[in-house]
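**Student:** Can you look at this prediction? I've put the sequence above it.
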Amino acid sequence: MSALWIASVEVTDPDAYAEYAKRATHAIAAHGGVFLARAGRYVVLEGTARPRNVVARFPSVEDAVACYNSPAYQDALSYAKGASTRDLYVVEEAD
């Protein structure tokens, strides 16, 4: 089953985060990830949100987790740490 990688982000260092985004894009694509939403418009109906929201679809939860743990993504992530506050989770899609 496919899975959604969902990130909610507040960027605190735009230059460093831009480098993260460039590198993460390649790592995500290498693991079969396809972006569905990337920092577009959003509306908060309940709860608290951050200004940048990203959703990518992966072939499976395992593929998304493998991407996160890959050397390429971990390299990218080193640019996001200290440059953002984030929540990131993977959700399996329904049939």
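**Tutor:** Sure, I can see it. Residues are numbered from 1 along each chain as shown.
**Student:** What segments of this structure are helices?
**Tutor:** Taking DSSP state H, the helices of the chain run over residues 14-30, 61-69, 71-80.
**Student:** what helices or strands is the last one leaning on?
**Tutor:** With contacts defined as 3 or more CB pairs under 8 Å, 6 or more residues apart in numbering; DSSP states H and E, the secondary structure elements packing on helix 71-80 are helix 14-30. C-beta coordinates here come from the backbone N, C-alpha and C atoms, glycine included.
**Student:** One more pass at 10 Å, please.
**Tutor:** Packed against helix 71-80, as judged by 3 or more CB pairs under 10 Å, 6 or more residues apart in numbering; DSSP states H and E, are the following elements: strand 3-11, helix 14-30, helix 61-69, strand 84-92.
**Student:** Return the residues in contact with E46.
**Tutor:** For E46, no contacting residues are found, by CB atoms under 10 Å, 6 or more residues apart in numbering.
**Student:** hang on, the earlier thing: tell me the most buried of the helices and strands packed on helix 71-80?
**Tutor:** The densest packing among these, expressed as mean neighbour count by mean count of other CB atoms under 10 Å, is seen in strand 3-11 with a mean of 19.
**Student:** Parallel or antiparallel, list what pairs with that one.
**Tutor:** Sheet pairing for strand 3-11, assigned by DSSP bridges, gives strand 52-58 (antiparallel), strand 84-92 (antiparallel).
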